[in-house]
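Enquirer: got a sequence here, can you build the structure:
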Amino acid sequence: MDFSDALNNFKMYLENYDVNNWMIAQKIRHTYGVIAMSKYIAEQLKLSVEDIYLAKIIALLHDIGRFEQAREYSSYNDCQNIDHAQLAVMILKKNDFIRKFNQNKAYDNTIIKAILNHNKLKIDDDLSDKELLHAKIIRDADKLDNFRILIKEDFKAISNYTQEELENSLISKEVYNQIEKGQTIDYSTMKTPLDFWLSGVAYIFDINFDITLEYIKEKDLINKIIDRIDYQKPITQKQMSEIKKLIRIQKV
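Expert: Residues are numbered from 1 along each chain as shown. Here you go, the predicted model:
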C-alpha cells in the first residue's frame, strides 16, 4: 500500500492536460485539498492503516473525471453535460486503468462505490459497511475543501458569476425554502447566482461526522463564506442573517 506510487501516476495522468488552464489548476488544488481532509478525518476517526490509505486513494481519484470534463465541455456543470463521478468510474474501468493507483483488486468496489456516491444528493442504500464508511469520508472531505474554495478562490472561477452579480442577486423561493428546512440544495431548483452560492453553504446539512462539524466550527467556515459577499438587497441581507442563525442553531 504505497500512496506515493499512486500519486506519481496521478501526476503522470495530468500530463495529458494543460495544467495552466484555470479549470484544470483549480481541480488539481481541490484534489490535493480533499486528500488532506480525507487523511485528517480518517486519522481523527482512528481508522486502520488500510482505511487511511483507502481514504487517500479515493480522494485522489474522486474527481479524476473533472479533467476530461473540462477538456471536452469547458464546463463543470454536471446537469448540462456529464456526471463527473460516473465519468471518473468509466475512466478507471477502461483498460483496468484503476491498477495504476490500486494494485489490490479487493479494494476496487469500495473505491468505485465511494466515488459514485461522493456527489449524489443522498448516499445509496445498498452499500456495505466499508463502502458506506468511505462514501461518508469522501463526502465530508470534499465539502471541507469546497468550503475553502468558496472562501478563497476567485468568484468567477468558482461560480461563473462576478462578485457584483452575486452581491446584487436575490435568493429564489425554492432554494430559500430548502435552507429553512435544513436541506442540501437540489441543483435543478437553482435559478440565481446566490442560489449557487447557497448550494455551497447548504453542504453543512449533509455532514456525516462530528469531527467534521468541529473542524467547520473551529475554522468558522460557514460565516466566512456568507460574509465574503456584501449583499446589496435589503431582503437578501435579512435572509442571510436568518440563514446564519438557522445554521448556528441546527449544526454549528
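Enquirer: how near is Ile225 to Glu174?
Expert: 20 Å (CB to CB, to the nearest Å). For glycine as for every other residue, the C-beta is placed from the backbone atoms N, C-alpha and C.
Enquirer: more neighbours, these two?
Expert: Between Ile225 and Glu174, Ile225 has the larger neighbour count (other CB atoms under 10 Å), namely 21 against 14.
Enquirer: show me what contacts the more buried one?
Expert: Going by CB atoms under 8 Å, 6 or more residues apart in numbering, Ile225 touches 147, 150-151, 197, 200-201.
Enquirer: separation between Lys191 and Ser75?
Expert: In terms of CB to CB, Lys191 sits 18 Å off from Ser75.
Enquirer: what's the separation between Ile185 and Ser159?
Expert: 13 Å.
Enquirer: what does Gln183 give?
Expert: Distance, Gln183 to Ser159, using CB to CB: 20 Å.
Enquirer: more crowded one of these two?
Expert: Ser159 (20 against 14).
Enquirer: which residues touch stretch 33-51?
Expert: Contacts for stretch 33-51 (CB under 8 Å, 6+ apart): 1, 52, 55-56, 58-60, 62-63, 130, 133-134, 137-138, 140-142, 144-145, 148, 209, 211-212, 215.
Enquirer: now which of the residues you listed would you call buried?
Expert: Neighbour-count burial (16 or more other CB atoms under 10 Å) applied to the contacts of stretch 33-51 gives 52, 55-56, 58-60, 62-63, 130, 133-134, 137-138, 140-142, 144-145, 148, 209, 212, 215.
Enquirer: what is the least confident helix or strand in the chain by mean pLDDT packed up against?
Expert: With mean pLDDT, DSSP states H and E as the measure, the helix or strand of the chain carrying the lowest mean pLDDT is helix 155-159 (a mean of 86). Applying 3 or more CB pairs under 8 Å, 6 or more residues apart in numbering; DSSP states H and E, we find helix 155-159 packed against helix 22-44, helix 163-167, helix 193-201.
Enquirer: what residues of that helix count as buried?
Expert: In helix 155-159, residues buried by neighbour count (16+ other CB under 10 Å) are 155, 158-159.
Enquirer: show me the helices in the stretch 101-250 of the chain, by range?
Expert: Shown for the stretch 101-250 of the chain, the helices assigned by DSSP state H, counting those that start in this stretch span residues 108-117, 129-152, 155-159, 163-167, 173-180, 193-201, 210-219, 221-227, 234-250.
Enquirer: any idea which of these gets closest to Leu92?
Expert: Leu92 sits nearest to helix 108-117 of all these, at 7.1 Å, using CB to CB.
Enquirer: who's in contact with the closest residue to Ile171 other than its chain neighbours?
Expert: Spatial nearest neighbour of Ile171, chain neighbours left out: Leu194 (5.0 Å); criterion: CB to CB, 6 or more residues apart in numbering. Going by CB under 8 Å, 6+ apart, Leu194 touches 166, 169-171, 175, 236.
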